[in-house]
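Asker: Here is the input, now give the coordinates:
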Amino acid sequence: MKISTKGRYALRTMIDLTEQEQLPDAAAYIPLKEIAQRQGIEVKYLEQIVALLKKDGLIQGVRGSNGGYRLVRPPQEYTVREILEVTEGSLAPIACLDTPVNLCARKDECKTLGFWEQFADYINAFLERWTLQDFLDGKAQSGSEAL
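Answerer: This is a model prediction of the structure:
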């Protein structure tokens with residue numbers, strides 16, 4: 001499994017929004033251009049990413065001179081898994097696990113299916129453990145917190 005730049009940038013954007021909203025003089029909405037500048041992401045590419053995040057209800061956006069984006073929930077309620085799934089789609093390691101019901105014709109005789117199911121469970125559990133609050137608290141710096 002490889003996370004694309006879209007997924008990585010979505011996570012960075014959500015962390016940026018979290019950090020900015022914690023500042024004492026935080027604006028109600030954080031302008032896209034400011035996020036793009038801080039994160040070193042092209043504005044046009046970031047527009048595509050925030051459109052996905054907004055469509056899935058992870059962030060709220062307002063147009064205009066005081067416009068921008070903000071989180072709709074507290075940081076501890078956002079998991080890395082849900083953020084990545086917005087941009088990456090399924091995080092399943094194999095195609096037959098992409099849907100809730102495995103439709104593979106070979107599933108009953110597949111000797112590796114259990115392995116892949118366990119692997120998917122580990123990935124999902126790991127990504128579910130991490131929240132935006134963990135990044136705000138610095139827990140992701142060493143990486144040992146979630147192990």
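Asker: what helices or strands is the host helix or strand of G114 leaning on?
Answerer: Per DSSP states H and E, G114 falls inside helix 113-129. The contact analysis (3 or more C-beta pairs under 8 Å, 6 or more residues apart in numbering; DSSP states H and E) places helix 113-129 against helix 80-88. (C-beta placed from N, C-alpha, C; glycine too.)
Asker: Pull out the buried residues from the helix it packs on.
Answerer: Residues 80-81, 83-88 are the ones in helix 80-88 that count as buried (16 or more other C-beta atoms under 10 Å).
Asker: just how off-centre is that helix within its chain?
Answerer: Distance of helix 80-88 from its chain centroid, counting by C-alpha atoms, centre = their mean, to the nearest Å, is 4 Å.
Asker: so what does it touch, helix or strand wise?
Answerer: helix 5-22, helix 43-55, helix 113-129.
Asker: show me what contacts L91?
Answerer: By C-beta atoms under 8 Å, 6 or more residues apart in numbering, L91 lies in contact with 1, 81, 84-85, 120, 123-124, 127.
Asker: Put together JSON lines for the residues you listed, with distance to A28 and pLDDT on each row.
Answerer: Listed next are the contacts of L91 as JSON lines, based on distance: C-beta to C-beta, whole Å; pLDDT from 0 to 100:
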{"residue": "M1", "distance to A28": "37", "pLDDT": "71"}
{"residue": "R81", "distance to A28": "28", "pLDDT": "97"}
{"residue": "L84", "distance to A28": "27", "pLDDT": "97"}
{"residue": "E85", "distance to A28": "27", "pLDDT": "96"}
{"residue": "A120", "distance to A28": "39", "pLDDT": "94"}
{"residue": "I123", "distance to A28": "36", "pLDDT": "94"}
{"residue": "N124", "distance to A28": "34", "pLDDT": "94"}
{"residue": "L127", "distance to A28": "30", "pLDDT": "96"}
